[in-house]
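K.L.:
I would like the atomic coordinates for the input below:
(one chain, ligands or ions: 1)
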Amino acid sequence: MDREKESREANRKAFSARARRGDAAAREVLDEALETLIEWSHATKSDRVLDLATGGGYLARSFAPHVAWSLGVDLVMDMVVAARRAAHDEGHANTGFLVAVVENLPLVDASLDLVMTRRGPHHFADIRRALDEIARVLKPGGRLLVEDLIVPEDPDLAAWINAFEKICSPSHGRALPASEWRALLEERGFVVEHLDIQERSRDLTPVLQRSSAADRAKIQEALLSLDDRWAASLGYEAAGPRWTTHTILLAARR
Ligand SMILES: C[S@@+](CC[C@H](N)C(=O)[O-])C[C@H]1O[C@@H](n2cnc3c(N)ncnc32)[C@H](O)[C@@H]1O
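P.N.:
The predicted structure is shown next:
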């Protein structure tokens, strides 16, 4: 199977199961970044907005009261169904959701004022094509908001973390370092207006608990291979086990 197909299959499997468990919306209430994203977006009532990898539609629904309309796109039909149901229950008449992949958007050029994506990019099969598509569908002067897991700048540690995340969750593609986010956006003519990196403590216990015995063994083996320098830079505590993860929040304009 090619890499793109493999990524989509893994995402379909992981996120269909999550949506069917009714988990599409459960973790959203914990978000602390939403207010910052709304402030950085300069959203107005005339804005046409796209939420990529929308999942249960959290961002599309959260922005609905601030904009003309918002459209959420996701690869997984069960997520789109959950998002539609939630938008209907919340009474949003100006949101819609459709099944599509971010690397090939069924939207015309220069048709949107604001594109956003939250916790999706590290799952994408091809981040470069996704960013090309974002640049294509945004109007000149259009804005992009991103919230996503990132990795440290040290390329060896970054590769180790990405490989580790892939063992924990096959739908993981590749988290980027902050410098690569900036470079990829600037290559496509974006100006980064805000960039903030937030730390979160990540407890690995639930990952170990839900993994099969074979995956648990792989995870434990990987953790044993963490050298002291990397462990220190991740704030790793074997007693959790837990470490510190980093999330980028950024706003850019084309
Ligand atoms: C961690 S969830 C985030 C959902 C939502 N943005 C949120 O913040 O709650 C990642 C989502 O990305 C979607 N996804 C992964 N790869 C995708 C792709 N290439 N195109 C469209 N959606 C994708 C998955 O189906 C999943 O719903």
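K.L.:
nearest residue to the closest residue to the ligand within the chain other than its sequence neighbours?
P.N.:
The ligand sits closest to residue 55 of the chain, with a gap of 2.4 Å, by C-beta to the nearest ligand atom. Every C-beta, even on glycine, is put in place using the N, C-alpha and C of the backbone. Among residues not flanking residue 55 along the chain, residue 79 sits closest, at 5.1 Å (C-beta to C-beta, 6 or more residues apart in numbering).
K.L.:
Run through the residues that contact that neighbour.
P.N.:
Residue 79 is in contact with 15-16, 18-19, 24, 54-57, counting by C-beta atoms under 8 Å, 6 or more residues apart in numbering.
K.L.:
Among those residues, find the lowest-pLDDT one for me.
P.N.:
Lowest in pLDDT among the contacts of residue 79 is residue 24, which has 66.
K.L.:
hang on, the earlier thing: tell me the secondary structure at the residue nearest to residue 55.
P.N.:
helix (DSSP: H, G, I helix; E, B strand; the rest coil).
K.L.:
List the beta-bridge partners for residue 138.
P.N.:
Here residue 138 sits in beta bridges with residue 112, going by DSSP bridges.
K.L.:
Just give the number of residues close to it.
P.N.:
Using other C-beta atoms under 10 Å, residue 138 is surrounded by 25 other residues.
K.L.:
isn't it right up against residue 116?
P.N.:
No: judged on C-beta atoms under 8 Å, residue 138 makes no contact with residue 116 at a distance of 11.1 Å.
K.L.:
now the residue nearest to residue 55: how far from residue 145?
P.N.:
Here the distance between residue 79 and residue 145 works out to 20 Å (C-beta to C-beta, to the nearest Å).
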